[in-house]
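> sharing a sequence plus its predicted fold:
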Amino acid sequence: MKLYDINESILKVVYMYENEEIDEKTYQDTLEGLTLAQNDKIDNIACYIKQLLAEEKALKEEIDNLTKRRKAKQKTIENLKEYISNTMKISKIDKLETTRNIIKFRNNAVKVNIQDEEKFLLWAMENHDDLLNYKKPDINKTMIKEYLKDNEIEGVKLVREKSLQIK
């Protein structure tokens with residue numbers, strides 16, 4: 001029997017008892033049996049949750065390990081590319097062709113390099129405001145929580161939620 005079926009059966013038994021369709025003994029016995037089944041089902045689901053949590057933790061650890069390995073490979077690639085690049089620049093080699101590789105420098109897309117950000121921002125605010133992006137204000141919920149301890153804010157309240165804990 002599924003948990004929702006058990007819950008439905010409990011509600012039916014309570015309804016039947018309240019409408020005097022069954023006697024007290026039948027009600028007590030049936031309710032006790034259904035409650036035991038319900039508790040057992042909840043316990044089984046909790047065990048399944050524990051198993052899933054353990055699997056999720058193992059997957060996260062594996063992802064973390066793979067991410068570290070990937071980053072190490074990326075760093076090695078960057079270092080080796082820089083090593084080749086420096087060697088070719090020092091030797092004034094623009095292109096090297098072998099039977100296995102073609103190594104050459106290419107022109108990347110033109111990019112903006114702001115050397116003095118503060119100076120640029122002052123200039124842009126006075127001359128070309130359209131060159132700037134303005135961010136929407138961010139809500140600081142930590143500060144709001146502190147403020148609400150002694151004050152009220154319209155449309156804001158402190159709430160305490162419950163979460164299921166399985167140990």
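Arrived safely, thanks for sending.
> C-alpha only now, for contacts and for neighbours.
Will do.
> okay, and L96 sits in which element?
Assigned by DSSP states H and E, L96 belongs to strand 95-97.
> A46 - how many residues pack around it?
Applying the criterion other CA atoms under 10 Å, we find 15 residues in the vicinity of A46.
> quick one: what helix or strand has it in it?
helix 24-90.
> center of the chain - which residue?
When CA atoms, centre = their mean is applied to the chain, the residue found nearest the centroid is K60 (11.9 Å).
> thinking again about what came up before, what lines up beside the strand holding L96 in the sheet?
The sheet places strand 95-97 alongside strand 102-104 (antiparallel), with pairing taken from DSSP bridges.
> contacts for the strand it pairs with, please.
Here strand 102-104 makes contact (CA atoms under 8 Å, 6 or more residues apart in numbering) with 94-97.
> and if you look at stretch 131-149?
Outside of stretch 131-149, the residues that reach it under the criterion CA under 8 Å, 6+ apart are 124-125, 157-158.
> and that stretch, what's buried?
Neighbour-count burial for stretch 131-149 flags I144 (criterion: 16 or more other CA atoms under 10 Å).
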